[in-house]
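Asks: predicted model follows, preceded by the sequence.
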Amino acid sequence: MSDENLSLDTRSPWIIDTRELGRRAGQSRSLHRMAPVGTTLGVPGVIVVPEGSEIELDLLLESVVEGVLVSGTASASVTGQCSRCLDPTEEEVEVELTELFAYPDSTTDSTTEEDEVARLVDDRIDLEPTVRDAIVLALPQVPLCSEDCQGLCPECGGKWADLEPGHGHETIDPRWAALVERFGDSPADGPDQKA
C-alpha cells in the first residue's frame with residue numbers, strides 16, 4: 001500500500017468506499033450524507049461556507065467501464081456581507097456535480113494528466129476536493145442581502161432603506177463656492193440673479 005493510500009482516512013464522511021460496486025459497469029448506489037467543512041471555503045469578509053458547518057451530499061455512484069461516475073448535488077449554507085449595504089447575509093448554495101473517478105490502470109488513467117481527472121485510490125473516492133471546488137466556484141462574487149438593495153448614501157454612509165424619503169445633501173458646485181462664500185448667494189441664484 002502506497003503513502004497516498006494511507007492518507008485516505010476511511011472514517012471520514014468525505015471518503016467513499018466503492019468496493020460494493022465491484023467494478024461491474026451498470027452497478028449503482030445512492031448516497032446521502034452530511035460532511036463537515038474542515039476549513040473555511042470562500043473569501044473571508046465577503047462570503048464563506050464557515051469552518052465547522054456541514055455540506056449536504058445527495059449523490060448517485062455508478063460503476064462505468066473507466067471508473068466510478070459520481071453525480072448529484074451538494075448544498076451548503078453560506079454567510080457573508082452585502083456588497084451594497086454591508087449588512088450580514090445568509091443563503092443556501094446548491095451545486096450540480098458530475099465527476100468521473102478513474103480506475104488505476106484504466107485507459108482514462110493512463111491517457112490523462114494527474115490533475116485532469118480524479119482517481120480512485122484503493123477502491124476509495126475522496127469527494128472533498130471535487131465538492132469544495134464546485135461550491136467555491138458557485139459562490140456569488142457580489143453577494144446581496146436582496147436584489148433590490150439600494151446600498152448606502154455616498155455622502156453620509158446611511159443605509160438608503162433606513163433614510164427618510166427625499167434624503168439628500170446640498171452640494172455646492174466648486175465653480176461657485178468662492179462667490180457663495182463671499183456673498184452668501186445660493187448656488188441656484190448664480191451671480192447674475194437679482195434678489
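Replies: Structure's in. What do you need?
Asks: what's the separation between Ala76 and Val37?
Replies: As judged by Cβ to Cβ, to the nearest Å, Ala76 and Val37 stand 7 Å apart. In this view, the C-beta of every residue, glycine as well, is placed from N, C-alpha and C.
Asks: list the contacts for the residue most central in space within the chain?
Replies: The centroid of the chain falls nearest to Leu139 when counting by Cα atoms, centre = their mean (2.1 Å). With contact taken as Cβ atoms under 8 Å, 6 or more residues apart in numbering, Leu139 is in contact with Leu41, Gly42, Val43, Ile47, Val49, Val78, Val93.
Asks: what about Asp105, how many neighbours?
Replies: If you count neighbours by other Cβ atoms under 10 Å, Asp105 ends up with 7.
Asks: Cys145 contacts Leu86, correct?
Replies: No: the criterion here is Cβ atoms under 8 Å, and Cys145 misses it with Leu86 at 9.1 Å.
Asks: so which of those two has more stuff around it?
Replies: Neighbours were counted for Cys145 and for Leu86 using other Cβ under 10 Å; Cys145 has more, 19 against 13.
Asks: okay, now the domains of the chain?
Replies: When the chain is parsed with automatic domain parsing, its domains come out as 3-138, 164-195.
Asks: so which of these comes closest to Cys153?
Replies: Minimum separation from Cys153 across those (Cβ to Cβ) falls at domain 164-195, 6.6 Å.
Asks: can you name the element that comes right after the worst-scoring helix or strand of the chain on mean pLDDT?
Replies: Taking mean pLDDT, DSSP states H and E as the measure, the chain has helix 3-6 as its least confident helix or strand, at a mean of 42. For helix 3-6, the succeeding helix or strand toward the C-terminus, using DSSP states H and E, is strand 15-17.
Asks: buried stuff in that next one?
Replies: Within strand 15-17, the residues that count as buried by 16 or more other Cβ atoms under 10 Å are Ile15, Ile16.
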